[in-house]
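Asks: model the following, please.
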Amino acid sequence: MKISFRLKTKLLKPTVVVCAVFLLAMIPLLLIAPYDHPEADDFTYGLRAAKAWATSGSLLSVLAAAWHTVRDTYFNWQGSFSGIFVMAVQPAVYGEHMYFLTPLLTLGLFLFGTFFLLKTVLRDYMHADLCSYLIIGFVITAVSLNYMPSPVEGIYWYNGAVYYTGFYGVSLIVFALVINFFHTEKRHLKILCGILALTLSFVLGGSNFTTALETALVLAVLFLSALQKRRQDMLLSVGTLGMDLVGLFISIHAPGNAIRKQNFQNTPDALHAVYVSFQTALHFLYQWTTPVIFICLLFLAPLVYRIVRKAQKPLPSPLFVLAISFCLFSAQFTPPLYALGFPGPNRLLNIVYFSYFWFLLINLICSLGWVARKLHKRRTQNAEEAVFQAGSQLAEEHMTAILICFAVLLTCACVGSRNIHKLTSVSAADSLRTGQAQQYSREADNRLKIYRSNRGQNVTVDKFTVRPYVLCFKDIEPVTTNWRNQAVSQYYELKTVKRKS
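Replies: Numbering: from 1, shown residues only. Reported below is the predicted structural model:
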């Protein structure tokens, strides 16, 4: 007991430091939110709901308008009914000043889903201490948010962010609910977890195809793991998987999918898309495994080893886990390869990148768990076992020193990177420091005044003089025929709109 208390005390300072760094990284992401503005598909999908709110001010009218958007889109463009409904009620529908809620929603879903699932796996199942859980969570979320392929498409542009990052966060919540259902003995919690998991699984089936498919595959793995458990656990596994597949079936069979697919020629057949998915996964694993990732894994390894050594939970073979997790990781590329012919836009790659950290963490847990289990079985102390135990104890006793080394190495790796200015927190902070975010917002507000005062007219607006990396996605073009221009003109009831060259 004294040893445990001493170790927790020694982890307290590193936890506070990592937490402080995480909060510092999050502050610019939140401070820049008021300067966020709608773009592109925000106007397309939010058109009906915005008009309903403007004419009636009724939430029921907005929801009815969103339903009409889902129905029309289902038959004319795409079948992801849950995603379309959420996109149709984007915050600017209630006034452009409400658009700041976009990053709060997407970051909230991402962070809540990540920490909820981590808590379920590390705290509830493996009985990790609070400090280890928080350190692992802060490191994973901070690195994934800062190195994501496109922060504007993943956090600040509502249409792309909520459709991918938002539903990705919901999928993590579903996985956590199912696992909690397996392990809790409290009847009321089982009922709550079951109802929420079943409902959200159906919703995920109607989200983007990558999340819907990945959810089905992970739920299938959870079902297989529940075969030796209680009957009610198996029933929930089957139920959640079934609900997701029902939603996915409805989404896949939308007439609009065939219409949309006509815009993409020379796409591979299903089997070839699966084959190419594995190649694509290897490519991105190689691309994303940078020195920063290695440093983070080295920093987390002692914590993970201590967790698995103390938990003594049965874990599957590392090679088996590697094979299954690689298949799950690769499967995320199959829908875009089949539908589009390429791995997908950055907003999709964002969630694949987020899942990459789960791929690393799960394999790290199972690999170190295998090592701990092998050493535990040996009754006689040998050199190999002594090295691991001594290394683990040394890491625990000198966690503060390890944290300092981690910080120095990570700083060197970041500074040495050519794209340090594209780190999400760095870019957001720089845009705020230089005034670019504020200038961009003023220019967007000026455009809004022009739109509202020139209804029914041909409108030409100035080109943005600044384009903050985390805020700007796609602007309108110097021609009136571009689809983004037409979306803006319909949204604000203009005859035509274009920007100056």
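
Asks: and Trp370, that's in a strand?
Replies: No. Applying DSSP: H, G, I helix; E, B strand; the rest coil, one finds Trp370 to be helix, outside a strand.

Asks: can you list the weak-confidence ranges in this structure?
Replies: Scanning the chain for pLDDT under 70 picks out 1-10, 376-418.

Asks: could you pull out the strands in it for me?
Replies: Under the criterion DSSP state E, the chain contains strands at 458-461, 496-499.

Asks: most tightly packed of those?
Replies: strand 496-499 (a mean of 20; mean count of other Cβ atoms under 10 Å). C-betas here are computed from N, CA, C, even on glycine.

Asks: so which of the strands of the chain comes closest to Glu153?
Replies: Smallest distance to Glu153 across the strands of the chain (Cβ to Cβ): 20.9 Å, for strand 496-499.

Asks: what distance do you get for Lys190 to Ala92?
Replies: Using Cβ to Cβ, to the nearest Å, we find Lys190 at a distance of 40 Å from Ala92.

Asks: same check, this time on Arg231
Replies: 48 Å.

Asks: with neighbour numbers in mind, choose between those two.
Replies: Using other Cβ atoms under 10 Å, the more surrounded residue of Arg231 and Ala92 is Ala92, with 24 against 8.

Asks: separation between that one and Ala50?
Replies: For Ala92, the distance to Ala50 (Cβ to Cβ) stands at 7 Å.

Asks: what does Leu222 give?
Replies: In terms of Cβ to Cβ, Leu222 sits 40 Å off from Ala50.

Asks: domains of this protein?
Replies: 1-264, 435-499 (the TED database).

Asks: include distance to Leu130 when you put the strands of the chain into CSV, please.
Replies: As requested, the strands of the chain are exported to CSV (distance: least, Cβ to Cβ, whole Å):
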stretch, distance to Leu130
strand 458-461, 52
strand 496-499, 52
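
Asks: just so I know, which of these lies nearest Tyr469?
Replies: Using Cβ to Cβ, the strands of the chain put strand 496-499 closest to Tyr469, at 19.6 Å.

Asks: just checking: what are the partner strands of the closest one?
Replies: If you go by DSSP bridges, strand 496-499 pairs up with strand 458-461 (parallel).

Asks: nearest to Phe354, of the domains of the chain?
Replies: Across the domains of the chain, closest to Phe354 is domain 1-264 (Cβ to Cβ), at 5.3 Å.

Asks: what about Phe175, neighbour count?
Replies: 22.

Asks: measure it to Ser251 for me?
Replies: Phe175 is 20 Å from Ser251, by Cβ to Cβ.

Asks: so Ile293 makes contact with Leu360?
Replies: Yes. Here Ile293 reaches Leu360: they are 7.2 Å apart, a contact under Cβ atoms under 8 Å.

Asks: higher neighbour count, these two?
Replies: Higher neighbour count among Ile293 and Leu360: Leu360, with 19 against 16, using other Cβ under 10 Å.

Asks: who are the contact partners of that one?
Replies: Ile293, Leu297 (Cβ atoms under 8 Å, 6 or more residues apart in numbering).

Asks: so which of the strands of the chain is nearest His272?
Replies: His272 lies closest to strand 496-499 among these, at 41.1 Å (Cβ to Cβ).

Asks: give me the contacts around the closest one.
Replies: Strand 496-499 is contacted from outside by 451, 458-463, 475-480, 485, 488-489, using Cβ under 8 Å, 6+ apart.

Asks: if we go to 7 Å?
Replies: Outside strand 496-499, the residues that touch it by Cβ atoms under 7 Å, 6 or more residues apart in numbering are 458-463, 475-480, 485, 488-489.

Asks: so which of those residues is the most crowded?
Replies: That'd be Val488 among the contacts of strand 496-499, by other Cβ under 10 Å, with 27 neighbours.

Asks: how about that residue, what does it touch?
Replies: Phe43, Ile476, Val497.

Asks: next: Cys19.
Replies: Contacts of Cys19 by Cβ under 7 Å, 6+ apart are Leu134, Phe138.

Asks: from Leu134, how far off is it?
Replies: Cys19 sits at a distance of 6 Å from Leu134 (criterion: Cβ to Cβ).

Asks: same check on Lys498?
Replies: Lys498 is 51 Å from Leu134, by Cβ to Cβ.

Asks: spatially central residue in the protein, please.
Replies: Thr165 (3.8 Å; Cα atoms, centre = their mean).

Asks: contacts only, for that residue.
Replies: By Cβ under 7 Å, 6+ apart, the contact list for Thr165 reads Thr106, Phe110, Gly154, Ile155, Asn350, Ile351.

Asks: which two among those are spaced furthest apart?
Replies: Greatest spacing in these, by Cβ to Cβ: Ile155 and Ile351 (12.0 Å).

Asks: in stretch 72-79, what's buried?
Replies: For stretch 72-79, burial by neighbour count (16 or more other Cβ atoms under 10 Å) applies to Thr73, Tyr74, Trp77, Gln78, Gly79.

Asks: could you do stretch 421-438 as well?
Replies: For stretch 421-438, the neighbour count (16+ other Cβ under 10 Å) marks 422-432, 436-438 as buried.

Asks: what's the answer for stretch 254-267, then?
Replies: Under the neighbour-count criterion of 16+ other Cβ under 10 Å, stretch 254-267 has Ala254, Gly256, Asn257, Arg260 buried.

Asks: so which of those sit within helices?
Replies: In helices, judged by DSSP state H, the following of the buried residues of stretch 254-267 are found: Gly256, Asn257, Arg260.

Asks: against Leu217, how distant is the closest residue to the second one other than its chain neighbours?
Replies: Translated: Asn257. If you skip the residues right next to it in sequence, Asn257 has Gly79 as its closest partner in space, 5.4 Å away by Cβ to Cβ, 6 or more residues apart in numbering. In this view, Gly79 and Leu217 are 19 Å apart by Cβ to Cβ.

Asks: just to revisit the earlier point, wait, which of the domains of the chain is closest to Phe320?
Replies: Of the domains of the chain, nearest to Phe320 by Cβ to Cβ is domain 1-264, at 11.4 Å.

Asks: from the chain's centre, how far out does that closest one sit?
Replies: Chain-centre distance of domain 1-264: 7 Å, with Cα atoms, centre = their mean, to the nearest Å.

Asks: the helices in the stretch 201-350 of the chain, which residues?
Replies: Counting by DSSP state H, counting those that start in this stretch, the stretch 201-350 of the chain has helices at residues 209-225, 231-252, 255-261, 270-288, 291-311, 318-331, 334-339, 346-377.

Asks: which of those sits closest to Met87?
Replies: Of all these, helix 346-377 comes closest under Cβ to Cβ, at 12.1 Å.

Asks: count the neighbours of Ile32 for me.
Replies: Here the count is done by other Cβ under 10 Å, and Ile32 has 28 residues near it.

Asks: distance of it relative to Asp41?
Replies: 21 Å.

Asks: check Leu340 too.
Replies: In terms of Cβ to Cβ, Leu340 sits 16 Å off from Asp41.

Asks: quick one: which of these two has more around it?
Replies: Asp41 (20 against 16).
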